[in-house]
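>>> the sequence isn't on hand, but the structure is:
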């Protein structure tokens with residue numbers, strides 16, 4: 001596996017309470033893949049008291065947009081935004097260091113309060129060249145479950 005080119009920044013907005021927002025990465029070649037290096041979210045007004053939970057995954061939808069499911073191999077990154085305190089906003093995130101996306105990337109987000117907002121996202125990925133066998137193996141891994149729940 002070797003790096004191809006420079007890092008790619010993906011940014012945009014998606015409606016709140018979304019499950020399976022597609023971020024197009026697939027170039028039609030199963031011998032290339034992408035690794036997520038950074039994943040950040042925030043509300044359109046970062047000084048508001050909005051709470052957001054978002055995650056990235058490799059299938060078209062996730063079982064629960066409001067929960068972290070570490071046993072699910074399809075989930076590869078998680079991010080939480082909590083409204084600002086008197087001095088700063090609170091943010092937490094985790095990216096599976098072994099992630100590798102062969103086809104497309106999907107995003108979900110959840111807000112515990114009923115707000116009609118668009119969640120802002122910022123994702124950095126690196127493209128890699130793979131052998132065809134490695135690409136096929138990674139696809140199987142991406143669509144497999146991590147074990148019984």
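Perfect, I can see it now. Computed from a prediction, not measured in an experiment: that's the story for all the values here.

>>> pretty sure residue 135 is in a helix, no?
Yes: counting by DSSP: H, G, I helix; E, B strand; the rest coil, residue 135 is found in a helix.

>>> excluding sequence neighbours, find me the nearest residue to it.
residue 30 (4.1 Å; Cβ to Cβ, 6 or more residues apart in numbering). Where C-beta positions appear, they are placed from N, C-alpha and C, glycine not excepted.

>>> helix or strand for the one you found, which one?
Under DSSP states H and E, no helix or strand contains residue 30.

>>> need the contact list for it.
102, 132, 135-136, 139 (Cβ atoms under 8 Å, 6 or more residues apart in numbering).

>>> quickly list what the spatially most central residue of the chain is bridged to.
In the chain, the centroid-proximal residue (Cα atoms, centre = their mean) is residue 56; its distance is 2.1 Å. Beta bridges link residue 56 to residue 77, residue 107 when assigned by DSSP bridges.

>>> for this protein, which strand is longest?
strand 2-15 (DSSP state E).

>>> helices or strands up against that one?
Counting contacts by 3 or more Cβ pairs under 8 Å, 6 or more residues apart in numbering; DSSP states H and E, strand 2-15 packs against strand 32-42, strand 118-129.

>>> again, only this time at 6 Å
In terms of contacts (3 or more Cβ pairs under 6 Å, 6 or more residues apart in numbering; DSSP states H and E), strand 2-15 is packed against strand 118-129.

>>> surely residue 103 is in contact with residue 26?
Yes: applying Cβ atoms under 6 Å, one finds residue 103 in contact with residue 26, separated by 4.4 Å.

>>> before we move on, the earlier item: residues contacting the longest strand of the chain, please?
In this structure, residues lying in contact with strand 2-15 by Cβ atoms under 6 Å, 6 or more residues apart in numbering are 21, 23, 118-120, 122-129.

>>> compare these and tell me which is most surrounded.
residue 119 (28 neighbours; other Cβ atoms under 10 Å).

>>> residues touching the residue nearest to it when sequence neighbours are not counted, list them.
Leaving aside its chain neighbours, residue 119 sits nearest to residue 109 (4.7 Å; criterion: Cβ to Cβ, 6+ apart). Residues in contact with residue 109 (Cβ under 6 Å, 6+ apart) are 18, 52, 54, 119.

>>> cool, and residue 90?
Taking Cβ under 6 Å, 6+ apart as the test, what residue 90 contacts is residue 82.
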